[in-house]
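1. When you get a sec, could you give me coordinates for this:
(one chain, ligands or ions: 1)
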Amino acid sequence: MTAKIIDGKKTAEILRTELAQKIALETIKPYLAVVLVGDDPASLIYDRNKQKAAQAMGMECVIHHLPQETTEDELLNLVTELNIDKKVNGIIVQMPLPKHIDSSAVIKAIAHEKDVDGFGPYNAGLLHENDSQAMIAATPKGILYLLKQALGDLSGKHAVIIGRSNIVGRPLASLLLNNNCTVTVTHTKTVDLPSICRQADILVSACGQAKMVKKDWVKDGATVIDVGMNRDGGKLCGDVDFDEVKEKAAYITPVPGGVGPMTIAMLLDNTYQAFLRQHNVK
Ligand code: GUN
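-> All right, here's what the predicted structure looks like:
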């Protein structure tokens with residue numbers, strides 16, 4: 001079997017075009033504030049990409065780029081200013097933050113109606129409760145969109161997730177559970193990871209280990225979603241050994257061009273939804 005490639009880049013382009021058409025009809029433009037602390041090169045690239053994508057679809061997007069030595073209080077003050085600024089609809093604080101700043105305190109400080117990352121306890125709690133008003137973290141939301149597009153109804157499928165981060169693994173587990181999957185979350189202390197992965201109808205890897213998932217970890221006909229963004233000798237690659245695994249899976253996402261572009265599209269969708277709610281449209 002050779003897997004069908006799930007083209008996240010193309011799907012994201014279609015979603016962005018649809019969103020741009022809706023935004024073109026608005027007199028006020030949705031406004032996303034991105035806060036970046038320090039000079040992590042990967043974060044800088046992600047945030048510039050978010051800004052380019054937002055501006056290309058007619059949104060306002062301002063990056064607040066603060067120096068590495070910014071204190072937690074200074075960052076919290078900026079978040080408070082953005083919370084009360086009526087023109088700002090969505091706020092994201094790029095993770096990871098420098099070690100001297102408590103990320104959890106900063107995430108909790110973002111007003112829940114502007115929390116377009118969905119990382120705060122209010123939105124994470126709504127997702128946990130399967131409440132339709134939850135602002136859902138962009139990467140899990142993008143993964144769900146791709147899975148439904150490829151497979152249709154997900155009911156009864158066994159999803160195995162590698163990684164338990166607050167950004168991907170945990171919210172994705174809730175989201176797939178809310179879509180009637182049987183969900184197993186694995187992590188660094190999991191015993192015999194390959195044998196658990198072999199049980200998966202849907203295998204999602206978000207562990208950040210280049211090409212860790214091999215073909216003998218994958219059941220014939222499984223759907224494999226690769227969230228990894230790793231460097232292998234300078235070349236960008238995922239957590240999945242794509243060349244091997246594509247011979248075993250029915251569907252697979254490539255890196256780049258799979259989950260990554262969907263994350264940006266879903267973040268901008270969340271910003272538009274926040275904008276509509278703040279203008280009492282939804
Ligand atoms: N770092 C890695 N992914 C993300 C994301 O989706 N949002 C934020 N704020 N930081 C991240």
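
2. The ligand contacts on the stretch 51-200 of the chain?
-> The stretch 51-200 of the chain has residues 92, 93, 94, 95, 117, 138, 139, 167 near the ligand, with proximity defined as CB under 6 Å from any ligand atom. All C-beta spots, glycine's among them, are computed from the backbone N, C-alpha and C.

3. For the third one, give its distance to residue 80.
-> So that's residue 94. Distance, residue 94 to residue 80, using CB to CB, to the nearest Å: 18 Å.

4. hey, what's residue 34 bridged with?
-> residue 63, residue 92 (DSSP bridges).

5. What number of residues are in the vicinity of it?
-> Close neighbours of residue 34, defined as other CB atoms under 10 Å, add up to 22.

6. Hmm, it is touching residue 62, no?
-> Yes: here residue 34 reaches residue 62: they are 7.1 Å apart, a contact under CB atoms under 8 Å.

7. picking that back up, make a markdown table from the residues of the stretch 51-200 of the chain next to the ligand and add neighbour count, secondary structure and pLDDT to it.
-> What follows is those, written out as a markdown table (neighbours: other CB atoms under 10 Å; DSSP: H, G, I helix; E, B strand; the rest coil; pLDDT from 0 to 100):
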| residue | neighbour count | secondary structure | pLDDT |
| --- | --- | --- | --- |
| 92 | 23 | strand | 98 |
| 93 | 24 | strand | 98 |
| 94 | 20 | coil | 98 |
| 95 | 16 | coil | 96 |
| 117 | 25 | coil | 98 |
| 138 | 28 | helix | 98 |
| 139 | 25 | helix | 98 |
| 167 | 20 | coil | 96 |
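
8. Those residues into a markdown table, with extra columns for distance to residue 75?
-> Below are those laid out as a markdown table (distance: CB to CB, whole Å):
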| residue | distance to residue 75 |
| --- | --- |
| 92 | 13 |
| 93 | 8 |
| 94 | 11 |
| 95 | 12 |
| 117 | 15 |
| 138 | 21 |
| 139 | 23 |
| 167 | 18 |
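
9. quick one: average pLDDT of the longest helix belonging to the chain?
-> Longest helix in the chain, counting residues (DSSP state H): helix 259-278. Averaged over helix 259-278, pLDDT sits at 98.

10. re the thing from before, quick check: the two most widely separated of the residues of the stretch 51-200 of the chain next to the ligand?
-> Within those, 93 and 139 form the most distant pair, 15.7 Å apart (CB to CB).
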